[in-house]
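Novice: Dropping a prediction and its sequence here:
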Amino acid sequence: MINDAYTSTNPARLDDVVATVRPADEAAIVAAARRAKTAQPAWADVPAPVRGQVIANISRLVEANAEALARLVTREIGKPVAEARGEVQEIVDTCQFFLGEGRRLYGQTIPSEMPDKQLFTFRTPVGAAMIITAGNFPVAVPSWYLVPALLCGNTVVWKPALYAAACADALAELFVRGGLPDGVLTVVHADGPETFTGLGSALEDGLIDKVGFTGSTEVGRAIGELCGRYLQTPCLELGGKNPMVVTEDADLDLAVEGALFSGFGTAGQRCTSLGTVIAHEAVHDEFLARFTAAVADARIGDPTQDVLYGPLLDEKFAAAYEKHLGWIAPHHRVSGQIGRITAQNPRAGFVGDPATGLFYHPVIVDGVRPGDELFQQETFGPIVGVTAYRTLDEAIELANGPGYGLSSSIYTTDPTKAFTFRRKISAGMVSVNNSTSGAEAHLPFGGNGRSGNGSRQSGVWVLDQFTRWQAMNWDYSGRLQKAQMEVAIL
Ligand code: UN1
């Protein structure tokens, strides 16, 4: 497999080849790691404000090339162009946040328990990082790693998803043009098995000091185990089964809008996509009726047009999603058609020609229960479960049930319910009267349980992923003062 070229195709027009790459073997991955490790000390010697200037250059270049990059995202992974533009904006937002951090990267001065002695803390770069990313956000989510990692003085080997190879190359080119010296950022295109063995060898040889991974819980667990062997804590951003609670006092139209966007936007292929709506029994039927009507009205199809969603990411994701459709059980109530949109299984008002790409019907499944796979597992496709609850405690128990813990949301006009939900939900992110997806780029992003290992990306919090705290003490008393042994109590 590794010597075969990989072709990345447009999922909306499968005969459109976007890129052809030759996946790297294990030795090439180790060589890239060695290159990053070798380049790192000189990059760390560049003053942080100057590294911040490079991030500023990157930001300007991304802005100047925003439309072309957004169009490429749409072409390579089928994301509707309005969303793709938002994704590119998310890179700019990330750069804007961190370019100023180059002039901060604050440490602390701390009093000593002894006279004539001063304590300090410094943030030090971790070293060489290997960043492995999914292709559903082929440029924004990688930038969440690359920008802070580079700003903090680390070098990076970036292994993007093969099906998003062209987007990765385009983004990396803008980064390098922004002023990164040779070896500071290397893109490696590789299949999963070679990435895993290559990473293992690089860790064994001491060439990689930090791993960042965004992808499935299953692969994240394997990477976590591998890193643990080398006493490393990777940054793991994994799946989600994100719940939305709709209380009896909620604004139902707002809740429907949120469910439509986070359940079916991006064809449900965000880690923050809505998994299950948990609606109070008093509003369940009304919510379901309005939600079903909104979905029936939605435009789906050609992602270069104004559509709610386009195709699934690639053939592999489409095949996996078809298996997940098999989780629909006899006790479920399904509205509308299911499966691939074809001439035999058409959708009224479909935009474009369904035969050209990987287009799927939106599916609402009412009556999901905790015993169902559909209730417990991430589906990564345009399918949303609905269930009813009686008490808020029951709703929260249902919301926590699957054991993920990335994003969550509650629609309510009652602040007590909102704050109770915030306190009792096990999730890294909580929205009130807003959808589960669409996190802003300067808040901590990450999850609990099956969604990750507690690491947080974005904002100042990610600095703790890409720097280590170094403590320093400076004794200017001219004698040996011993901590804990000579504190004078007045
Ligand atoms: C992902 O799907 O990996 O919050 C990230 C959101 C986006 C990021 C999703 N800003 O929906």
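Specialist: Looks like it came in fine.

Novice: Which SSE is immediately downstream of the helix or strand bottoming out on mean pLDDT in the chain?
Specialist: Of all the helices and strands that make up the chain, strand 333-335 has the lowest average by mean pLDDT, DSSP states H and E, namely a mean of 93. Past strand 333-335, heading to the C-terminal end, the next element that is a helix or strand (DSSP states H and E) is strand 363-366.

Novice: list the helices and strands that next one packs on?
Specialist: If you count contacts as 3 or more CB pairs under 8 Å, 6 or more residues apart in numbering; DSSP states H and E, strand 363-366 packs onto helix 284-297, strand 333-335, strand 383-389. Every residue, glycine included, has its C-beta placed from N, CA and C.

Novice: helices or strands up against the shortest one?
Specialist: The one in question is strand 333-335. strand 363-366.

Novice: Spatially nearest residue to P160, not counting backbone neighbours?
Specialist: A168 (3.5 Å; CB to CB, 6 or more residues apart in numbering).

Novice: Check D393 too.
Specialist: Counting by CB to CB, 6+ apart, K424 is the residue found nearest to D393 once chain neighbours are left out, at 7.9 Å.

Novice: how close does the one you found get to T292?
Specialist: To T292, K424 is 30 Å away according to CB to CB, to the nearest Å.

Novice: ditto for A202
Specialist: A202 sits 50 Å away from T292, taking CB to CB as the criterion.

Novice: Compile the helices and strands packed on strand 363-366 into TSV and extend it with columns for mean neighbour count and distance to T416.
Specialist: Written out in TSV, the entries for the helices and strands packed on strand 363-366 read as follows (neighbours: other CB atoms under 10 Å; distance: least, CB to CB, whole Å):
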stretch	mean neighbour count	distance to T416
helix 284-297	17	21
strand 333-335	15	32
strand 383-389	24	17
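
Novice: closest to the ligand out of those?
Specialist: In this view, these are compared for proximity to the ligand by CB to the nearest ligand atom, and strand 383-389 is the closest at 15.3 Å.

Novice: returning to that earlier point: the least confident helix or strand of the chain pairs with which strands?
Specialist: According to DSSP bridges, strand 333-335 forms sheet pairs with strand 363-366 (antiparallel).

Novice: Let me see the mean pLDDT of the strand it pairs with.
Specialist: The average of the pLDDT scores along strand 363-366 is 98.

Novice: So which bits of that strand are buried?
Specialist: V363, I364, V365, D366 (16 or more other CB atoms under 10 Å).

Novice: Only alpha carbons, please: show that strand as CSV.
Specialist: C-alpha atoms of strand 363-366 as CSV (Å, rounded to 0.1, in the frame of the first residue of the first chain):
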residue,chain,number,x,y,z
VAL,A,363,-32.3,11.4,9.2
ILE,A,364,-34.2,12.1,12.4
VAL,A,365,-34.6,9.1,14.6
ASP,A,366,-37.2,9.5,17.4
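
Novice: which residues are contacting whatever helix or strand comes next after that strand?
Specialist: Using DSSP H and E, the next helix or strand after strand 363-366 towards the C-terminus is helix 373-376. Contact with helix 373-376 is made by 241, 276, 324, 327-329, 332, 365, 368-370, 383, 385, 387, 401-403, as judged by CB atoms under 8 Å, 6 or more residues apart in numbering.

Novice: any idea of the mean pLDDT in helix 373-376?
Specialist: Per-region confidence: helix 373-376 scores 98 on mean pLDDT.

Novice: Tell me which helix or strand the closest residue to N473 other than its chain neighbours sits in.
Specialist: On the basis of CB to CB, 6+ apart, the spatially nearest residue to N473 that is not a chain neighbour turns out to be L119, at 5.1 Å. Under DSSP H and E, the secondary-structure element containing L119 is strand 117-125.

Novice: And that strand, what's buried?
Specialist: Under the neighbour-count criterion of 16+ other CB under 10 Å, strand 117-125 has R123, P125 buried.

Novice: And it, what does it pack against?
Specialist: Taking 3+ CB pairs under 8 Å, 6+ apart as the contact definition, the neighbouring helices and strands of strand 117-125 are strand 108-111, strand 467-475.

Novice: wait, P23 sits on D191?
Specialist: Yes - counting by CB atoms under 8 Å, P23 sits close enough to D191 to count as a contact (5.0 Å).

Novice: Enumerate the residues of the chain near the ligand.
Specialist: Within the chain, the residues that sit near the ligand (CB under 6 Å from any ligand atom) are N136, F137, V141, T214, R270, C271, T272, S437, G438, A439.

Novice: any idea which of the residues you listed has the most stuff around it?
Specialist: Within the residues of the chain next to the ligand, most neighbours by other CB atoms under 10 Å means C271, with 28 neighbours.

Novice: Would you enumerate the residues in contact with it?
Specialist: For C271, the contacting residues are A134, N136, T214, E237, L238, G239, G240, L406, S407, S451, by CB under 8 Å, 6+ apart.

Novice: For burial, what's the neighbour tally of the fourth one?
Specialist: Put plainly, it is E237. If you count neighbours by other CB under 10 Å, E237 ends up with 28.

Novice: is it fair to say I131 lies in a helix?
Specialist: No - judged by DSSP: H, G, I helix; E, B strand; the rest coil, I131 forms no part of a helix; its state is strand.

Novice: partners of it in the sheet?
Specialist: For I131, the beta-bridge assignment (DSSP bridges) gives partners W158, G212.

Novice: Does it touch A161 like I think?
Specialist: No - no contact is recorded between I131 and A161 when judged using CB under 8 Å, the distance being 11.8 Å.

Novice: Test my guess that G401 contacts G371.
Specialist: No - here G401 lies out of contact with G371, judged by CB under 8 Å, at a distance of 10.2 Å.

Novice: on that earlier part again, contact partners for the residue nearest to D393?
Specialist: With contacts taken as CB under 8 Å, 6+ apart, K424 has the following neighbours: D393, I396, N400.
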